[in-house]
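Engineer: output the structure for:
(2 chains)
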Protein chains: 2
Amino acid sequence: MAVENLAHKPARDVSAVIDHLIAATAPGMEAVNRLILSRSDSPVDMVPEIANHLIDAGGKRLRPMLTLASSSLFGDADGNDVRFAAAVEFMHNATLLHDDVVDESDMRRGRPAARTIWGNQASVLVGDFLLGQAFLMMVESGDLGALGVLSRAAAIIAEGEVYQLAKAGDLDTTAEDYEKIIHAKTATLFEAATEVGAMAGGASAASRAALATYGRELGMAFQLVDDVLDYGGAGGALGKNTGDDLREGKMTLPIILALRDSSPAERDIIRSALGNPASGAAELAGITAILTRHDTLRRTMAKAEAHAEAARAALLAVPASPGRDILFDVPEFCTARAY
Amino acid sequence: MAVENLAHKPARDVSAVIDHLIAATAPGMEAVNRLILSRSDSPVDMVPEIANHLIDAGGKRLRPMLTLASSSLFGDADGNDVRFAAAVEFMHNATLLHDDVVDESDMRRGRPAARTIWGNQASVLVGDFLLGQAFLMMVESGDLGALGVLSRAAAIIAEGEVYQLAKAGDLDTTAEDYEKIIHAKTATLFEAATEVGAMAGGASAASRAALATYGRELGMAFQLVDDVLDYGGAGGALGKNTGDDLREGKMTLPIILALRDSSPAERDIIRSALGNPASGAAELAGITAILTRHDTLRRTMAKAEAHAEAARAALLAVPASPGRDILFDVPEFCTARAY
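Structural biologist: Numbering: from 1, shown residues only, chains lettered A, B, ... in the order given. Prediction:
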């Protein structure tokens, strides 16, 4: 394994990185989007209304792109790459609908959350509908192995979310607890996305395992970065989308590391702001000052960088190809968001 | 088809009817219960706590018993009858957890609903966990056909619940709308329960279709009876568990039929009570008087009896056996609850 391949690349235009992934998966993503649209249709108006509200808002669709790109490294997927990619995106959207209810979020992807327009009730039920449709698409693939990967992922994701809920506001949450939570709630779906992609393309067992590790490590990096962004990124630059985790009492790594090193006075400040829906700009600034003092945003980013590195390293187990180069750059896109 | 076989049996001890089903499926149900217990376990304490709260409360476990009994009509299921039965019960319990959140119910099976103890958030997530585990058990069966039946059912059930939500309090809801709703939200899982049972036992295509029809018709009868019971049963005898549908604004057949025939004054009474969380004993008595005046509880029961009859008729397509006799009596158990 050549050391130079593992070196972290110098700063450059990261949007170009993701542009390569977008361009490489564009034809497949067109088919995925068509499938998503047709499978979120229903004679019950509220179903496509809610599904399309979420789907139209877009987001990056990183997970289905990863499924397609992973599949293309190996061989002709005969449409299963598209089915799996759409199923992964449906599972992700079902999770988002339920998360918004759980977190009592008002906004999602810069628009009002479905639950603020149609209510918690419809959000729960349309999430269930999307989950059912995801499994149906998997069944149509005829691939029991891939079905196993995704159904196991569905259970693990829900389990991780329950664990996160149980730990909300618990100041004794450890870095190990946090790792378990983000592994389950985020990394598992990234792992499933790349693993079923590899399976669709007919990868060998070793290559399939490599892609699974790549997805899992990328997912860990992705969530660590997200949790840093919620406190304004590595530089602690506060903006309109920061502070949600603080108000929801989410025990993320920047807070956990700070609590470990904090003075009793700092601990009191954190305790009173954490899980307090009234925590506003002033409280957030106070907390961010503590995080900065203990350098925990940068320390969390160092963890993210290590997972990004591990993702790249995993890819070296599959033969070199232009497709592999594209996947190789994705971790950097994830981590660069924080700077 | 012998007409005498289709005749509705005279009144007799209906608890004996279900006792036969319970006795016939007892060994299998022991295995189902063990599987349910092991698959609702998790290192995240709240998961088994909530799952077991619901599972311990019991209920009749009618659906998994139907799966086992359907399978036993045909042949050795090699454990798949047990897997499918547990998966069906997990799907049912996931639906109950989500329904309680959607309906804002405080009680379930005579105990506080999980959401009143652990909150809506955990109820949504543990429901998702159970759904994931249900699919995983199905995957382990290796039967893609049965997986298709159950994943399609999951999507249809959710769709039906959304439709019911959309129609809540809508006085223009028709009997056809109502039929679509109960077909989707209730009959679909009964149909899936008996159909995958038949598949586990290796039924022919014709027998599989017969068992699917049997389950569907039984499920229709079951829900019609439930909706009559919510207004005190065929006799309109009000008790502590009545009036939920009225307060939630659910447009069930007794109300729909009454609205069709009601005077403007009666319509106003229904309008003001329906979907009003404050509707108490007085309002319920007023509504039940209207339902009785238009005979809609008995007319709804006539529909239920017709579906029960159709369920029995469907069974005649499979060879006679002691197991068939047991299933033949189950529709009567469902309808007799209302008298």
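Engineer: where along the stretch 201-339 of chain A do the helices fall?
Structural biologist: A:205-229, A:244-248, A:253-261, A:264-273, A:281-293, A:296-315, A:322-336 (DSSP state H, counting those that start in this stretch).
Engineer: right, and these - which one's nearest chain B?
Structural biologist: Evaluated over these, closeness to chain B peaks at helix A:244-248, with 10.6 Å, by C-beta to the nearest C-beta. Placement of C-beta: from N, CA and C, glycine included.
Engineer: can you name every helix or strand that the closest one contacts?
Structural biologist: Contact here means 3 or more C-beta pairs under 8 Å, 6 or more residues apart in numbering or on different chains; DSSP states H and E; on that basis helix A:244-248 packs against helix A:281-293.
Engineer: angle of the helix it packs on against helix A:264-273?
Structural biologist: For helix A:281-293 against helix A:264-273, the angle by axes from the mean of the first three to the mean of the last three C-alpha atoms, to 10 degrees is 140 degrees.
Engineer: related to what we said a few turns ago, tabulate the helices of the stretch 201-339 of chain A in a markdown table, adding columns for distance to residue A:172.
Structural biologist: What follows is the helices of the stretch 201-339 of chain A, written out as a markdown table (distance: least, C-beta to C-beta, whole Å):
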| stretch | distance to residue A:172 |
| --- | --- |
| helix A:205-229 | 18 |
| helix A:244-248 | 17 |
| helix A:253-261 | 9 |
| helix A:264-273 | 12 |
| helix A:281-293 | 18 |
| helix A:296-315 | 17 |
| helix A:322-336 | 29 |
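Engineer: which of those helices is buried the deepest?
Structural biologist: Of all the helices of the stretch 201-339 of chain A, helix A:205-229 carries the top mean neighbour count, a mean of 23, counting by mean count of other C-beta atoms under 10 Å in any protein chain shown.
Engineer: that helix packs against which elements?
Structural biologist: By 3+ C-beta pairs under 8 Å, 6+ apart, helix A:205-229 packs against helix A:62-72, helix A:175-182, helix A:188-200, helix A:253-261, helix A:296-315, helix A:322-336.
Engineer: now do that helix: distance to the chain's middle.
Structural biologist: Helix A:205-229 has its C-alpha centroid displaced from the chain centroid by 9 Å (C-alpha atoms, centre = their mean, to the nearest Å).
Engineer: ok, the closest residue to residue A:271 other than its chain neighbours - how many residues close by?
Structural biologist: Spatial nearest neighbour of residue A:271, chain neighbours left out: residue A:171 (6.4 Å); criterion: C-beta to C-beta, 6 or more residues apart in numbering or on different chains. Neighbour count for residue A:171, taken as other C-beta atoms under 10 Å in any protein chain shown: 14.
Engineer: am I right that residue A:171 sits in a strand?
Structural biologist: No: using DSSP: H, G, I helix; E, B strand; the rest coil, the assignment for residue A:171 is coil, not a strand.
Engineer: who touches it in this structure?
Structural biologist: Residue A:171 makes contact with A:251, A:259, A:267, A:270, A:271, A:274, according to C-beta atoms under 8 Å, 6 or more residues apart in numbering or on different chains.
Engineer: run the last query once more with 10 Å
Structural biologist: Applying C-beta atoms under 10 Å, 6 or more residues apart in numbering or on different chains to residue A:171 gives the contacts A:249, A:251, A:255, A:256, A:259, A:267, A:270, A:271, A:274.
Engineer: next up, phi/psi of it, please.
Structural biologist: Note on residue A:171: backbone dihedrals following degrees, to the nearest 10 are phi -70, psi -10.
Engineer: same check on residue A:112?
Structural biologist: Note on residue A:112: backbone dihedrals following degrees, to the nearest 10 are phi -60, psi 140.
Engineer: so what's it closest to, chain neighbours aside?
Structural biologist: Spatially, and ignoring its direct neighbours in sequence, residue A:112 is nearest to residue A:106 (6.7 Å; C-beta to C-beta, 6+ apart).
Engineer: isn't the one you found right up against residue A:115?
Structural biologist: Yes: Residue A:106 lies in contact with residue A:115 (C-beta atoms under 10 Å); the separation is 8.4 Å.
Engineer: who's more crowded, these two?
Structural biologist: Shown here are residue A:106 and residue A:115; by other C-beta under 10 Å, residue A:115 has more neighbours (22 against 11).
Engineer: in space, what's closest to the more buried one - neighbours in sequence excluded?
Structural biologist: residue A:123 (4.3 Å).
Engineer: tell me the contacts of residue A:138?
Structural biologist: Residues counted as contacts of residue A:138 (C-beta under 10 Å, 6+ apart) are A:80, A:83-84, A:86-88, A:90-91, A:144, A:146-151, A:196, B:135, B:139, B:144, B:147-148, B:151.
Engineer: before we move on, back to that, quick one: contacts for the residue nearest to residue A:112?
Structural biologist: Counted by C-beta under 10 Å, 6+ apart, residue A:106 has contacts A:100, A:112, A:113, A:115, A:116, A:244.
Engineer: kindly reformat the residues you listed as TSV containing pLDDT.
Structural biologist: Converted to TSV, the contacts of residue A:106 look like this (pLDDT from 0 to 100):
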residue	pLDDT
A:100	86
A:112	86
A:113	84
A:115	86
A:116	84
A:244	90
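Engineer: got these as JSON lines, with distance to residue A:290 columns?
Structural biologist: Listed next are the contacts of residue A:106 as JSON lines, based on distance: C-beta to C-beta, whole Å:
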{"residue": "A:100", "distance to residue A:290": "29"}
{"residue": "A:112", "distance to residue A:290": "32"}
{"residue": "A:113", "distance to residue A:290": "30"}
{"residue": "A:115", "distance to residue A:290": "32"}
{"residue": "A:116", "distance to residue A:290": "32"}
{"residue": "A:244", "distance to residue A:290": "18"}
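Engineer: biggest helix in chain A by residues?
Structural biologist: helix A:114-141 (DSSP state H).
Engineer: distance between it and the chain's centre?
Structural biologist: Put simply, helix A:114-141 sits 18 Å off its chain's centre (C-alpha atoms, centre = their mean).
Engineer: same check, this time on stretch A:187-195
Structural biologist: Computed by C-alpha atoms, centre = their mean, the chain-centroid distance of stretch A:187-195 equals 9 Å.
Engineer: now stretch A:154-171
Structural biologist: Taking mean C-alpha positions (C-alpha atoms, centre = their mean), stretch A:154-171 and its chain are 15 Å apart.
Engineer: tell me how far the most centrally placed residue in chain A lies from residue A:223.
Structural biologist: For chain A, the residue nearest the mean C-alpha position is residue A:186 (4.8 Å; C-alpha atoms, centre = their mean). For residue A:186, the distance to residue A:223 equals 4 Å [C-beta to C-beta, to the nearest Å].
Engineer: try residue A:123
Structural biologist: Counting by C-beta to C-beta, the gap from residue A:123 to residue A:223 is 22 Å.
Engineer: swap in residue A:86?
Structural biologist: Per C-beta to C-beta, residue A:86 is found 23 Å from residue A:223.
Engineer: do residue A:259 as well
Structural biologist: Distance of residue A:259 to residue A:223, given as C-beta to C-beta: 19 Å.
Engineer: what's the answer for residue A:292, then?
Structural biologist: For residue A:292, the distance to residue A:223 (C-beta to C-beta) stands at 21 Å.
Engineer: please apply the same query to residue A:22.
Structural biologist: Distance, residue A:22 to residue A:223, using C-beta to C-beta: 22 Å.
Engineer: now residue A:164
Structural biologist: Taking C-beta to C-beta, one finds residue A:164 at 11 Å from residue A:223.
Engineer: any residues in contact with both of those two?
Structural biologist: A:178, A:181, A:182, A:185, A:252.
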